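Chemist: When you get a sec, could you give me coordinates for this:
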Amino acid sequence: MTATATTTARLNPQQVLADLEAKHLKSDIPLMDIGDTIEVHQRIVEGEKERIQRFQGVLIARSGGGINEMITVRRVVDDIGVERVYPIHSPMIATFKVVRRGDARRAKLYFLRDRVGKKRRLRDRRRGLKHVANEPKG
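Modeler: Next up is the predicted model:
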C-alpha cells in the first residue's frame, strides 16, 4: 500500500467527532434570542421516579456551539436572583418554550443583575420593532 492510500484511508479525527455530535443534537429547539422569557422543562430523576421541573426566566446569555451550547436563564424569587446554566442539547432537558419575546440590543444581559424593580423588565419586542419575523401582528 502506498503512503497516499494510507492517509486517505485514515479518518479525520475532527470529522469523526462532528459525526458523533451530530447524532446527539436536538432538532426540536425553538428560536430563542437573548432577552426572551423562556420556560425550561428539566427532567429530575429521584430514585426510580422521574418528574418534570419547570424554570421560567429571562435568557441572559448564550455561549458555545454545537453539542456544547449553553444558555443562562435568570429569574428573581423573593428579591433574590437565581441563575441557571443549561446545556441545550442535554437529554435531561425535556423542552424549551418561549413565553415572551424581549427586545435586547446586547449579546449578554449581565447588567440585569444590578437592576431592581420595574427597571428589571425588558421591553416587549412587538412594541419596539416593526419588522420581527415569525411574530403575529397585534
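Chemist: Could you use CA atoms for every contact and neighbour count after this?
Modeler: OK.
Chemist: Show me which helix runs longest in this structure.
Modeler: helix 13-24 (DSSP state H).
Chemist: Name every strand pairing with the helix or strand that comes right after it and say which way it goes.
Modeler: Later in the chain than helix 13-24, the nearest helix or strand by DSSP states H and E is strand 37-46. Using DSSP bridges, strand 37-46 pairs in its sheet with strand 49-63 (antiparallel), strand 93-100 (antiparallel).
Chemist: Count the neighbours of residue 94 for me.
Modeler: For residue 94, the count of nearby residues is 15 (other C-alpha atoms under 10 Å).
Chemist: which ones are touching it?
Modeler: Applying C-alpha atoms under 8 Å, 6 or more residues apart in numbering to residue 94 gives the contacts 40-43, 52.
Chemist: quick one on the thing from earlier: what mean pLDDT does the longest helix of the chain have?
Modeler: Average pLDDT, helix 13-24: 87.
Chemist: mind starting the numbering at 4 from now?
Modeler: Okay, using 4 as the starting number, the last item reads as helix 16-27.
Chemist: what's it packed up against?
Modeler: In this structure, helix 16-27 packs against no helix or strand, with contacts taken as 3 or more C-alpha pairs under 8 Å, 6 or more residues apart in numbering; DSSP states H and E.
Chemist: Run a quick neighbour tally on residue 20.
Modeler: The tally of other residues near residue 20 (other C-alpha under 10 Å) stands at 10.
Chemist: And for residue 38?
Modeler: Residue 38: 27 neighbours (other C-alpha under 10 Å).
Chemist: Wait, it touches residue 114, no?
Modeler: No - counting by C-alpha atoms under 8 Å, residue 38 stays clear of residue 114, with 11.8 Å between them.
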